[in-house]
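1. Okay, sequence plus prediction incoming.
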Amino acid sequence: MKKKQTSKTIERKKEVLANLTKFGDTLYDQIEKGTFPWIKMPSRSIENIYYNTELRQYVLGDKAVRRSSRNIRHIRPFTQLVWTAFFANELTQQRKTSTLRDVYYSAQAYEMSFTDQAESNNVITDLETVANFAREDFNVFPEERSAIFGDLTIEYTVPGYEGKHLNLTSHPDGVMIGPALTSSEFVKTSADKVIAIEKGGLFTRFIEEQVHKKYNSLLVLTAGQAPRATRHFIHRLNKELDLPVYVFTDGDPWGMHIAMVIISGSANAAHLRELTTPDAKWSGVWASDIVDYKLPSDPLTDRDVKRLYELQKDPRYEGPLWQREIKTFFKHRKKAEQEAFSRYGLTYIVDEYLPAKLEES
Amino acid sequence: MLLNKEGWHGTIVEFSLEGDYSKAMPRILEYLKQTALVTPYANITFVDPKGRMYRFDRATTQMPPPSKETKPHPYGVDVETIQRLIRMTQTRNMVDFMKTHFHRVGEVTAHKFLESTGISQTRNPRKLKSEEIVRLVHMMKRFNGFLAPDASCLSPLGEELLKTGILKELKPEFIAVRQRPPSTYSGHPFIVEAAIAYGGEVPKRNDFVLYRFANRIPLLYDEASDVSWRIIKSMNWRRYKVTPDLPIAILVHLCSTKIPYKTVGKEFIADRPEVKREILNGIREAARELQHFLTKQEHVERDRKRLSVFSKYLPKIAQFSTDLAGKKKQPDISKLLDTVRKYEEEAD
């Protein structure tokens, strides 16, 4: 595989900085002209979130909100937004990274304290909406817990590591999908697919069982609901390297939704693009697998059933596979974890189930 | 005999009474304090049994005009009063009797009234039989032709003096004083004076502090049974922007030739509709002034806060956007702050 678009991540950073400067310019000019600085941005309220069947993800509609510093109720969040832009600008320029928690505390150094983490997170989302970039582009990352393993060579762009290469098989626990990996360039890979796995135990099993070699694949651990950086990373693997993506989760409504968020994204990120992988496949554990493979199972709880009803009406779940599996869940009222395959021995899932499922999807 | 080196003149009253001072002390001090409230022209010095001296200094030398002596209004007299008048009267016929001994009764009124009683105008009052006296009193209450009593016999404090007294004792932030026009109940003239004081040294009790006076005498006991307390409790104070946590004192002074006490203890005033209405109106008028004050205070406070919020955040917006734009000189925010100030003045 050849290296593509060498400067993609660097180009992107330039764009981010240009956008932030433009934002600053606008406010500066407004003050110079004697008007209270204001901005207009798409509304993120639930009435303005639509499912776009073409993009196969949620998008924001035409409704816009105007935030003006003239308004006594807006001026504080407005200032916080400007500060966050300023802080993101500093981070990006100095090529440093920060976490959401870090942003919350850093604000205090500028006497810009947020009431709580939620307020600070919300302002960061505002900045994403205004600047049209994800917080990861501003070098603000959530706490990471997901990882990748497999034959992919990357080239770092972070300070101190520029130009250095790393093969993602170098550590048997996998490599954390953190800021450095997220901003790296892809150099080459021998893999022809990506397998995303919900749980750490199974991820380790797959590595031990050499799944990456046997099935020529990159293994991604989502560790529950995949963080946005990981979703973007999977998106890149799919788009830049043309690798098909298969997602393995627990066989319950929550696992199903982990796969769905990787595929079609979430309503919370309707203002962002490039976090989804519409062509990714949910490969299991399906409700029908529980029956077909006679897996040890637990009955669905009331909460599970309630969640299923919600998902049944969700536009993302319109496809026949999804509707069929939801019905199967309803019919048998059972759920099973990925580990349930261990009843047939430790390697069964890799030797029997996995090839069958890859075939099927 | 007292020596009078300073050449004092006036009246000295001396009396002694026995009581449990340690138990009564708070009430006695309260009584003196309240007396000082409505007698701002008096110096009061009190040396208590433990030798502690309390002083309430006068804040003015102005006194309210002394009240004028008055004759009883026919509507308010009883059989006993008539009998007493008959014993002392010099008059020889009923017309003269009515004109001489009753308030606001002239020739015409006397004629009309006597006609309604069936007692001859020429009857000698001294010769009236007891059943005739009873009928006379009875008809006095029923006859509609009497003029209302006039209030010149009453001695209200007046708005100025009341204000002086309250300012002196409570040093409030705000005060509203109202004297109602004279009115009558059962032939007795009365005047209600009401005041509301807010803030300053008004005690905080999480409820209103009520000071009640009857002819300038503080009423200390049985507050909850008093008509004023009931009126206060029945009012919708939210309308006046008043919440229970505010330090508010309400003063009600009732002046009358006959205070409608409910009990012989003379501790609280009864619910006479005429009196009740006047007290209510007096408190309402004062409350309305308080409302204006509180509203304005709220506006001033809000504007102060607004300005402080804008002065806190606008410089930061200017600073951060200058940095973002990569410029050196910060934009001038003083124009923007000026517009915030302008709003402040408009509100005043």
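-> Nice, I can see it. Numbers count the residues shown, from 1 in each chain, chains lettered A, B, ... in the order given.
2. Now do the contacts for residue 112.
-> Going with chain A. A:79, A:80, A:83, B:316 (CB atoms under 8 Å, 6 or more residues apart in numbering or on different chains). The way it works is simple: take the backbone N, C-alpha and C, and place the C-beta from them, glycine included.
3. right idea, wrong chain: chain B
-> B:143, B:145.
4. does the residue of the stretch 201-350 of chain A found nearest chain B belong to a helix or a strand, and which?
-> Using CB to the nearest CB, the closest approach of the stretch 201-350 of chain A to chain B is made by residue A:271 at 20.4 Å. Under DSSP states H and E, no helix or strand contains residue A:271.
5. Compute the number of surrounding residues for residue 302.
-> Since no chain was named, I'll use chain A. Neighbour count for residue A:302, taken as other CB atoms under 10 Å in any protein chain shown: 7.
6. Chain B, not that one
-> Neighbour tally, residue B:302, other CB under 10 Å: 13.
7. so it is in which element?
-> Here residue B:302 is assigned to helix B:273-325, by DSSP H and E.
8. Mind giving me the packing neighbours of the biggest helix by length in chain A?
-> If you go by DSSP state H, chain A has its longest helix at helix A:8-32. Contacts defined by 3 or more CB pairs under 8 Å, 6 or more residues apart in numbering or on different chains; DSSP states H and E place helix A:8-32 against strand A:38-42, helix A:75-94, helix A:117-131, helix B:273-325.
9. re the thing from before, mind pulling up the pLDDT for the residue of the stretch 201-350 of chain A closest to chain B?
-> pLDDT, residue A:271: 87.
10. what does residue A:7 give?
-> If you check residue A:7, the pLDDT there is 60.
11. Could you check which residue of the stretch 201-348 of chain B lies nearest chain A?
-> For the stretch 201-348 of chain B, CB to the nearest CB, closest residue to chain A: residue B:324, 2.4 Å.
12. measure the nearest residue to that residue once chain neighbours are set aside to residue B:16 for me?
-> Spatial nearest neighbour of residue B:324, excluding adjacent residues (CB to CB, 6 or more residues apart in numbering or on different chains): residue A:24 at 2.4 Å. According to CB to CB, to the nearest Å, residue A:24 stands 87 Å off from residue B:16.
13. higher neighbour count, these two?
-> Counting neighbours by other CB under 10 Å for residue A:24 and for residue B:16 shows that residue A:24 has the greater number, 22 against 4.
14. residues of the longest helix of chain A that come out buried?
-> Buried residues in helix A:8-32, counting neighbours by 16 or more other CB atoms under 10 Å in any protein chain shown, are found at A:9, A:13, A:16-17, A:19-21, A:23-24, A:26-28, A:30-31.
15. what's the closest of the residues you listed to chain B?
-> When those are ranked by distance to chain B (CB to the nearest CB), residue A:24 comes first, at 2.4 Å.
16. Spit out the contact partners of the closest one.
-> Contacts of residue A:24 (CB under 8 Å, 6+ apart): A:85, A:86, A:89, B:320, B:321, B:322, B:323, B:324, B:325, B:326.
17. could you redo the last one with a cut-off of 10 Å?
-> A:82, A:85, A:86, A:89, B:320, B:321, B:322, B:323, B:324, B:325, B:326, B:327 (CB atoms under 10 Å, 6 or more residues apart in numbering or on different chains).
18. again with residue B:279
-> So residue B:279 contacts B:180, B:192-194, B:212, B:226-228, B:230-232, B:252-254, B:269, B:272 (CB under 10 Å, 6+ apart).
19. If we use 8 Å, what do you get?
-> Per CB under 8 Å, 6+ apart, neighbours of residue B:279: B:192, B:194, B:227, B:228, B:231, B:252, B:254.
20. how many degrees apart are the longest helix of chain A and helix A:117-131 in direction?
-> Going by axes from the mean of the first three to the mean of the last three CA atoms, to 10 degrees, helix A:8-32 is angled at 90 degrees with respect to helix A:117-131.
21. How far away from the center of its chain is helix A:8-32?
-> Taking CA atoms, centre = their mean, to the nearest Å, one finds helix A:8-32 lying 25 Å from the centre of the chain it belongs to.
22. So residue A:195 belongs to a strand, correct?
-> Yes. Looking at residue A:195 with DSSP: H, G, I helix; E, B strand; the rest coil, it is inside a strand.
23. Next up, the contacts around it.
-> Contact analysis of residue A:195 by CB under 8 Å, 6+ apart lists A:206, A:211, A:215, A:217, A:218, A:219, A:220, A:245, A:246, A:247, A:248.
24. Can you give me the neighbour number for the fourth one?
-> Right, residue A:217. 24.
25. Tell me the pLDDT of it.
-> At residue A:217, the model reports a pLDDT of 93.
26. Is it bridged to anything, and to what?
-> Bridge pairing for residue A:217 (DSSP bridges) gives the partners residue A:193.
27. Looks like it contacts residue A:192 (just checking).
-> Yes. With contacts counted by CB atoms under 8 Å, residue A:217 reaches residue A:192, the gap being 7.3 Å.
28. Between the buried residues of helix A:8-32, which sits nearest residue A:290?
-> Relative to residue A:290, the closest of the buried residues of helix A:8-32 is residue A:9; by CB to CB it sits at 41.7 Å.
29. any low-confidence regions in the chain?
-> No chain in the question, so chain A it is. Scanning chain A for pLDDT under 70 picks out A:1-7, A:361.
30. My question was about chain B, not that one.
-> B:1-2, B:342-348.
31. Now do the strand ranked longest in it and helix B:273-325, the angle between them.
-> In terms of residue count, the longest strand belonging to chain B (DSSP state E) is strand B:188-198. Per the same axes, to 10 degrees, the angle that strand B:188-198 makes with helix B:273-325 is 20 degrees.
32. Note down every partner strand of strand B:188-198 and its orientation.
-> Counting by DSSP bridges, strand B:188-198 is paired with strand B:174-179 (antiparallel), strand B:183-185 (antiparallel), strand B:248-256 (antiparallel).
33. ok, and for the last one, which residues are buried?
-> In terms of neighbour count (16+ other CB under 10 Å), strand B:248-256 has its buried residues at B:248, B:249, B:250, B:251, B:252, B:253, B:254, B:255, B:256.
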